[in-house]
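S.K.: Turn this into a structure:
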Amino acid sequence: MRGSVASRGDLSRIVKPSQALRLILDTVSLLLHADTPGGSSLTSLQVIDLLLHAGEETLASLHAFDTSKVSADVHDSLFALLHHDYFDAAAASLEAGQVVTDVCVALAAIEKSLIQEHLDQKRTLPTTSFCICVDGSRVARVACDVGVSLRRQGMVHVCCIDEFSTESRYSPEFITKDITALCRQQGVPDGKFVVRAQAQRLTQSTISSQLLELRDSCRADFIVVGAVGTKGPQPSQLGSNTMRAIRGSPVPVIIVPPVPSSYPAPPPTKPRVFVVAMDNSPIASKCFDTALKLLHPLDRLHVLHIQIPPHPLAVESSDQFAATRAPIYTAKLANAEVLGSVDVVPHSPGTTVAEQIQCYLADSRAQFIVFGLTGETHLARKTSSASPPQPLSMLSKQSTTASSTANVVPVGRVASSLLLSPRCVLVVCKESNS
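M.R.: Predicted structure coming up:
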């Protein structure tokens, strides 16, 4: 192995490893015992001794490591080490030499393989990041609490837009101090959260567009926002800035209602229940992938499909979800080691799809529902010769000109019903979401 003589000499002189080096040694120990859960792991000095006397064999084991056999618990522990505040591959390599550099290269390859498995919908993602929008209202603080509770190893960016309120509780100084205290109280390391405040730009048309710019700058995976802000409840139960954020966001938006029926308890106090509402449209797969980004190891995930009602002249429904897609998602849940089920519910005459979803949420006591902003109804309208689909007028006021209609993001009937009557925290996906 190139550089083994020099690196062994460096390692042999290490009596007390630094924090950066210890994290790498602990990661190697975890991987070497990944197939023997509950067994005794190697200490940092034992890993150093192993690298000194069997460096080539150890590196070969790391390069040949089969990530598909990593359990959910090991996966979570591994990313906790790799994304620790004090994890510094460069500093550890400088301290211990080339052999640690080679180990870090192998660890980076293992992490890349695990992330690819998430992209293939085979496991969850511990590094999900969140951009939480606050304005000093009670709902915004609840939204911040929800966003922080969803975090595992990723970053939390809390953004406040100062609207020049005369009330002290809406001042940016008060809000940033309050949110900083909340993050620390929830156990978020100082290096894993950023709280910032900006004055509202007079050149910006809406606050939501300024918030979307902040999201772009921090490149968060999700936007978290309260259903309403300081102006209180709206006739539509959804604030105008929230609706604009849903329409304009390039990433999924998490909407926290004023009074969720099942407030999300932070893990590990109580496993949370997620429901993914699916139809037969392409956005269903994106909703499932979105849910995998939010799950903690103890959480449950239920895939829900409401069957399409039969044609008036037909006896049975032509819906093929139970025969085609349900087995696929059952296998995906098993591969990702996620507790849950795939439930196909027959259509109940006299009720809407949204009403049946709400009943399912109540029965399962779900804290989160993941759904697409559009669905099969939108696809049917796109392929027809009718006029372009319009959003419900109660959700937002849009111009009736042809030019503005072309730029409107459509909202499906089921999605609009769920947005208008939220039972729990909503996670909204769009076809354009990355």
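S.K.: Which secondary structure state is assigned to residue 178?
M.R.: Three-state assignment for residue 178 (DSSP: H, G, I helix; E, B strand; the rest coil): helix.
S.K.: gap between it and residue 149?
M.R.: Computed as C-beta to C-beta, to the nearest Å, the residue 178 to residue 149 distance reads 17 Å. Just so you know, the C-beta spots here come from the backbone N, C-alpha and C atoms, and that holds for glycine as well.
S.K.: again with residue 125
M.R.: Distance, residue 125 to residue 149, by C-beta to C-beta: 16 Å.
S.K.: Neighbour count for those two, which is higher?
M.R.: Ranked by neighbour count (other C-beta atoms under 10 Å), residue 125 and residue 149 place residue 125 first, with 21 against 17.
S.K.: least trustworthy helix or strand in the chain by mean pLDDT?
M.R.: Across the helices and strands of the chain, mean pLDDT, DSSP states H and E gives its lowest value to helix 402-406, namely a mean of 38.
S.K.: wait, residue 82 sits on residue 104?
M.R.: No. Counting by C-beta atoms under 8 Å, residue 82 sits too far from residue 104 to count as a contact (10.1 Å).
S.K.: What pLDDT is listed against residue 275?
M.R.: Residue 275 is assigned a predicted lDDT (pLDDT) of 97.
S.K.: Quick check, it in contact with residue 360.
M.R.: Yes. When contacts are counted by C-beta under 8 Å, residue 275 is listed as touching residue 360 (6.8 Å).
S.K.: Name the residues contacting each of these two.
M.R.: 304, 366 (C-beta atoms under 8 Å, 6 or more residues apart in numbering).
S.K.: out of those two, which sits in the busier spot?
M.R.: residue 275 (25 against 19).
S.K.: Distance of that one relative to residue 298?
M.R.: Residue 275 is 16 Å from residue 298, by C-beta to C-beta.
S.K.: ok, now residue 186?
M.R.: Counting by C-beta to C-beta, the gap from residue 186 to residue 298 is 17 Å.
S.K.: Those two: which is more packed in?
M.R.: residue 186 (16 against 13).
S.K.: Now the more buried one. Its backbone dihedrals?
M.R.: phi -80, psi 0 (degrees, to the nearest 10).
S.K.: Identify the residue nearest it in space, chain neighbours excluded?
M.R.: residue 148 (4.7 Å; C-beta to C-beta, 6 or more residues apart in numbering).
S.K.: Could you check how many residues crowd around that neighbour?
M.R.: Count around residue 148 with other C-beta under 10 Å applied: 22.
S.K.: So in this protein, which helix runs the longest?
M.R.: helix 98-119 (DSSP state H).
S.K.: Can you pull out the residues in contact with that one?
M.R.: Contacts for helix 98-119 (C-beta under 8 Å, 6+ apart): 1-4, 6-8, 11, 21, 24, 27-28, 31, 51, 55, 58-59, 62-63, 65, 67-68, 70, 75, 78-79, 82, 89, 92-93, 123-125, 289, 292-293.
S.K.: Let me know the average pLDDT across that helix.
M.R.: So the average pLDDT for helix 98-119 ends up being 94.
S.K.: Which positions in it come out as buried?
M.R.: 98-104, 106-107, 110-111, 114-115, 117-118 (16 or more other C-beta atoms under 10 Å).
S.K.: one step back: which SS class is the residue nearest to residue 186?
M.R.: Per three-state DSSP, the local secondary structure of residue 148 is helix.
S.K.: for residue 198, same thing?
M.R.: strand.
S.K.: Identify the bridge partners of it.
M.R.: Counting by DSSP bridges, residue 198 is bridged to residue 161.
S.K.: and residue 320, how many neighbours?
M.R.: So residue 320, with other C-beta under 10 Å, has 12 neighbours.
S.K.: so where does the nearest residue to it once chain neighbours are set aside fall, helix or strand?
M.R.: Once flanking residues are discounted, residue 320 sits nearest to residue 280: 7.6 Å by C-beta to C-beta, 6+ apart. Per DSSP states H and E, residue 280 falls between elements, in no helix or strand.
S.K.: Does residue 280 touch residue 323 like I think?
M.R.: No. Under the criterion of C-beta under 8 Å, residue 280 lies out of contact with residue 323, with a separation of 11.6 Å.
S.K.: So the two - more neighbours on which side?
M.R.: Applying other C-beta under 10 Å to residue 280 and residue 323 shows that residue 280 carries more neighbours, namely 15 against 9.
S.K.: can you pull the contacts of that one?
M.R.: 308, 319, 320, 321, 325, 376.
S.K.: What subset of those is buried?
M.R.: Counted by 16+ other C-beta under 10 Å, the contacts of residue 280 give 308, 319, 321, 325, 376 as buried.
S.K.: Sketch out the low-pLDDT regions of the stretch 251-400 of the chain for me.
M.R.: Across the stretch 251-400 of the chain, the ranges flagged by pLDDT under 70 are 259-269, 312-317, 375-400.
S.K.: Strands along that one, start to end?
M.R.: With DSSP state E, counting those that start in this stretch as the criterion, the stretch 251-400 of the chain has strands at 253-256, 273-278, 300-306, 339-345, 368-372.
S.K.: Against which helices or strands is the first one packed?
M.R.: Same thing as strand 253-256. Packing contacts for strand 253-256, counted by 3 or more C-beta pairs under 8 Å, 6 or more residues apart in numbering; DSSP states H and E, involve helix 138-150, strand 222-226, helix 240-248, strand 425-429.
S.K.: Turn those into CSV, including mean pLDDT and distance to residue 190.
M.R.: Formatted as CSV, the helices and strands packed on strand 253-256 follow (pLDDT from 0 to 100; distance: least, C-beta to C-beta, whole Å):
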stretch, mean pLDDT, distance to residue 190
helix 138-150, 90, 14
strand 222-226, 93, 20
helix 240-248, 85, 28
strand 425-429, 92, 27
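S.K.: Any chance of CSV for the ones you listed, columns distance to residue 17?
M.R.: CSV is the format used below for these (distance: least, C-beta to C-beta, whole Å):
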stretch, distance to residue 17
helix 138-150, 32
strand 222-226, 36
helix 240-248, 46
strand 425-429, 42
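S.K.: right, so of the ones you listed, which gets closest to residue 334?
M.R.: strand 425-429 (22.6 Å; C-beta to C-beta).
S.K.: what lines up beside that closest one in the sheet?
M.R.: strand 253-256 (antiparallel), strand 368-372 (parallel).
S.K.: Quick one: closest of these to residue 340.
M.R.: strand 368-372 (12.3 Å).
S.K.: Excluding its own residues, what touches that closest one? List them.
M.R.: 252, 264, 272-277, 279, 281, 283-284, 286-288, 290-291, 294, 357, 361, 412, 414-415, 418, 423-431.
S.K.: Mind doing that once more with 7 Å?
M.R.: 272, 274-277, 281, 283, 287, 290-291, 361, 415, 418, 424-429 (C-beta atoms under 7 Å, 6 or more residues apart in numbering).
S.K.: All set now, cheers.
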